[in-house]
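> Here's my sequence, what's the structure:
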Amino acid sequence: MDLAYNLIIAAVLVLLSPYWGIRMAVDPAFRDEILIRVRNWKTVPRLNRSLWIHASSVGEVRVAQILIRALQRDYPDRSIVLSTFTATGQELAGEQPNITVFRLPLDLRVLVRPLIKRLDPAVLILIEAEYWPNLLRLCGQRNIPVLLANGRLSERSLTRYQKLKPWFLWLTEPVSLFAMRSQTEADRLAQLGISKDRIRVTGNMKYDALPAGASREPASLSENGEITVVFGSTRPGEEAAIAKAVSQLNQNPLNYKFIIAPRHVQRCGEVKDILERSQLSVTLLSELEHSRERWTAPVLLVDRLGVLGEYYQKGNIAFVGGGFDAKHGGHNILEPALLGLPVLYGRHMANFEEEARLLADSGGGIPLDRLEQLAGALESLLINPAEIRRRGRLAAETVQRQQGAVVRNLELIQSLLEKGSTT
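Have a look, this model is predicted:
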């Protein structure tokens, strides 16, 4: 199957080469992207027995950062490298101090083989669901242990992989251990034919993700009635419902403030238009950063990457987007919950299936079937500060009870390092 995969890749490259050549000639951004894929890894210094972590995009990089901080504490003499697949992932990864960051090249043996030789990894740690055939096969050939950390496997992915079961087993053969987020996901992996002695349930490291410098205490509810609602990781279709809800709530004489952070910052212009069509006054975060003015408009629109956690810390209630369309599968509801905010979210939470259930069961999470329910759910909280505090406390306690995944993953990494040193 190795030969078949590489023949298919070669055929695709040949077929696409005319299109790629033309596009590279006329599209500088595309040309830069291809050159990064081919050359960026060469900027990595030659290392010895490094700890290599691969995280695809922003969500996976945030998990990687939690693990990296623990690895830097426990292995101060080891070089740590972090590879990403997307540009946004690399931008966020670059904020992590004292590690080498680069974009993973195209999954071609001619590129991956010298990269592995340059990094000389003692272990490769994949975050959540990152499977690259040539990368994994070459690690297997060099007896490099591979750990899938914070592993996830949704019901939808299970159905897809079951149709390609022989291919999935070939693909994952070099993975030494699968550290899954929940027993449900571990059971799904076993259904695909992965032996149980390669599967561990370690929990979700996002439960351990309290931002540096943050307090577990939620922002206080002021005596003048000021309450801040943070709408995080919003998706297309959600902002119109948010604008409608905010317009209704903004008529209340109490002092409500609203912070909106779209999942993709490039959509901020579109989101601003949606809000202004609802007669809402909007301030862009970038405008505040370049002036001495204070935020006075009812709505602050966060048009900068990587600062959502800071604004959850300023909030009293959180709405997390991505849960109203099955193709998105929901976004990180744990970060605001850990900070003591009650969290509202949609019912399509495949990416946080167990977490959404636990929060809902505790009362710290408020799942909504339809976006039309948002205004009513927010109003029932805003008129009852004691309920905000009660649900926020339940949310934080739920997350705290699930913590410890980082320690369990560190134990697996140590076992793989010890095993690798004897081979």
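> Phi first, then psi, for the residue most central in space within the chain.
Centroid-nearest residue in the chain, with CA atoms, centre = their mean: Gly59, separated by 1.3 Å. When read as degrees, to the nearest 10, the backbone of Gly59 gives phi -60, psi -40.
> and Leu71, what element?
Taking DSSP states H and E as the criterion, Leu71 maps to helix 58-74.
> following that helix, which helix or strand comes up?
Using DSSP H and E, the helix or strand that follows helix 58-74 towards the C-terminus is strand 80-84.
> Show me what stretch 269-276 is in contact with.
Thr234, Glu239, Ala240, Ala243, Val246, Ile260, Pro262, Val282, Leu284, Val299, Leu301 (CB atoms under 8 Å, 6 or more residues apart in numbering). Using the backbone N, CA and C atoms, a C-beta is placed for each residue, glycine as well.
> Let me know whether Leu71 touches Asn409 as I believe.
No - here Leu71 does not reach Asn409: they are 9.6 Å apart, not a contact under CB atoms under 8 Å.
> more crowded one of those two?
Asn409 (26 against 21; other CB atoms under 10 Å).
> Please look at the more buried one and Leu67 and confirm they touch.
Yes - when contacts are counted by CB under 8 Å, Asn409 is listed as touching Leu67 (6.4 Å).
> list residues touching both of the two?
Ala149, Met205.
> sorry, back to before: farthest-separated two in the contacts of stretch 269-276?
Ala240 and Leu284 (19.1 Å; CB to CB).
> pretty sure Glu276 is in a helix, no?
Yes - read with DSSP: H, G, I helix; E, B strand; the rest coil, Glu276 is one of the residues of a helix.
> Next, the distance between the ends of stretch 244-261.
Using CA to CA, to the nearest Å, the end-to-end distance of stretch 244-261 comes to 16 Å.
> Which positions within it qualify as buried?
In terms of neighbour count (16 or more other CB atoms under 10 Å), stretch 244-261 has its buried residues at Lys244, Ala245, Val246, Leu249, Asn250, Tyr256, Lys257, Phe258, Ile259, Ile260, Ala261.
> Surely Pro45 is within a strand?
No - under three-state DSSP, Pro45 sits outside any strand and is assigned coil.
> returning to that earlier point: going through the contacts of stretch 269-276, which ones are buried?
By neighbour count, with 16+ other CB under 10 Å, the contacts of stretch 269-276 hold Thr234, Glu239, Ala243, Val246, Ile260, Pro262, Val282, Leu284, Val299, Leu301 as buried.
> Narrow the residues you listed to those in strands?
If you go by DSSP state E, those have Thr234, Ile260, Pro262, Val282, Leu284, Val299, Leu301 in strands.
> Would you mind putting the residues you listed into a markdown table with distance to Ala10 alongside?
Below are those laid out as a markdown table (distance: CB to CB, whole Å):
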| residue | distance to Ala10 |
| --- | --- |
| Thr234 | 41 |
| Ile260 | 46 |
| Pro262 | 39 |
| Val282 | 50 |
| Leu284 | 47 |
| Val299 | 52 |
| Leu301 | 46 |
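> Quick check: of those residues, which lies closest to Asp369?
Taking CB to CB as the measure, Asp369 lies nearest Thr234 of these, at 17.8 Å.
> what sits against the closest one?
Taking CB under 8 Å, 6+ apart, one finds Ile242, Ile260, Ala261, Pro262, Arg263, Val271, Phe319, Gly321 in contact with Thr234.
> re the thing from before, what's around the closest residue in space to the residue nearest to the centre of the chain that isn't next to it in sequence, how many residues?
Ranked by CB to CB, 6 or more residues apart in numbering and with sequence neighbours excluded, the top spatial neighbour of Gly59 is Asn332, at 6.8 Å. Residues near Asn332, counting by other CB under 10 Å, number 25.
> you'd agree Asn332 is up against Gly321?
No - contact criterion CB under 8 Å: Asn332 and Gly321 do not qualify, at 10.4 Å.
> any residues in contact with both of these two?
Shared contacts of Asn332 and Gly321, counting by CB under 8 Å, 6+ apart, come down to Gly232, Ser233.
> can you put the contacts of stretch 269-276 in a markdown table and add distance to Pro45?
Shown next, in a markdown table, are the contacts of stretch 269-276 (distance: CB to CB, whole Å):
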| residue | distance to Pro45 |
| --- | --- |
| Thr234 | 40 |
| Glu239 | 44 |
| Ala240 | 49 |
| Ala243 | 49 |
| Val246 | 49 |
| Ile260 | 41 |
| Pro262 | 37 |
| Val282 | 45 |
| Leu284 | 39 |
| Val299 | 46 |
| Leu301 | 40 |
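> I'd like to know which of the residues you listed is nearest to Thr100.
Nearest member of the contacts of stretch 269-276 to Thr100, counting by CB to CB, is Pro262, at 30.4 Å.
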